[in-house]
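Engineer: Just need the structure, nothing else, for what follows:
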Amino acid sequence: MKYQSKLLNRARDEGGVTGLETAIILIAFVVVASVFAFTVLSTGIFSAERGKETIHAGLTGARSSMELKGSIVSNGVANQVLSSGDSAWTAVAFGATSTPTVTADTTDKKEGTGSADIIMDAAFTNQLAAYSDLSATVDLSSIDSINLWVKSSTLTASG
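Structural biologist: A predicted model of the protein is given here:
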């Protein structure tokens, strides 16, 4: 009988230790889970903040002034229709003996009814050959660029 009593006492003592071990393991699980939850929440909050910053940057870019990338081409002549190209150009003497000849060409033209045909001689290198003074008749304030079509009748070699 004494032997059975000792076994029962011993079983009771181990029961308390088992409960304590279970509590320690449970506390460890809670601590690990809370650290994991903190990490997940911190990462989520950080990602949400980064997303918010990206959205605000996009809205700021959409609200800012527009920037043009590329060129704007103004086709035609604003407020002016040329019937002949020679009336719009003035020849400039670029040497003591040489002045370009400016005539109208109605067959070889890019747009409109005519083009200015400027005949140059061999003395021309890089000076002003002809000009058109449109400031009195044409409002250029709304035009960003003007394109000129230049065609050479002399064969050239690249170089």
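
Engineer: gap between Phe36 and Phe29?
Structural biologist: Distance, Phe36 to Phe29, by C-beta to C-beta, to the nearest Å: 10 Å. C-betas here are computed from N, CA, C, even on glycine.

Engineer: If you rank every helix and strand of this protein by mean pLDDT, what lands last?
Structural biologist: Every helix and strand of the chain was ranked by mean pLDDT, DSSP states H and E. The lowest is strand 90-91, at a mean of 67.

Engineer: Report the secondary structure element holding Thr60.
Structural biologist: Assessed by DSSP states H and E, Thr60 sits inside helix 2-63.

Engineer: Give me the mean pLDDT for that helix.
Structural biologist: The pLDDT scores in helix 2-63 average 79.

Engineer: domains for the protein, by residue range?
Structural biologist: Recorded structural domains for the chain (assignment: automatic domain parsing) are 1-67, 71-151.

Engineer: what's Val40 in contact with, if anything?
Structural biologist: Contact analysis of Val40 by C-beta atoms under 8 Å, 6 or more residues apart in numbering lists nothing.

Engineer: can you check Ser34 too?
Structural biologist: Contacts for Ser34 were tallied using C-beta under 8 Å, 6+ apart; there are none.

Engineer: Ile118: which element?
Structural biologist: Going by DSSP H and E, Ile118 is in strand 115-119.

Engineer: next one: Thr103
Structural biologist: Per DSSP H and E: Thr103 is located in strand 101-105.
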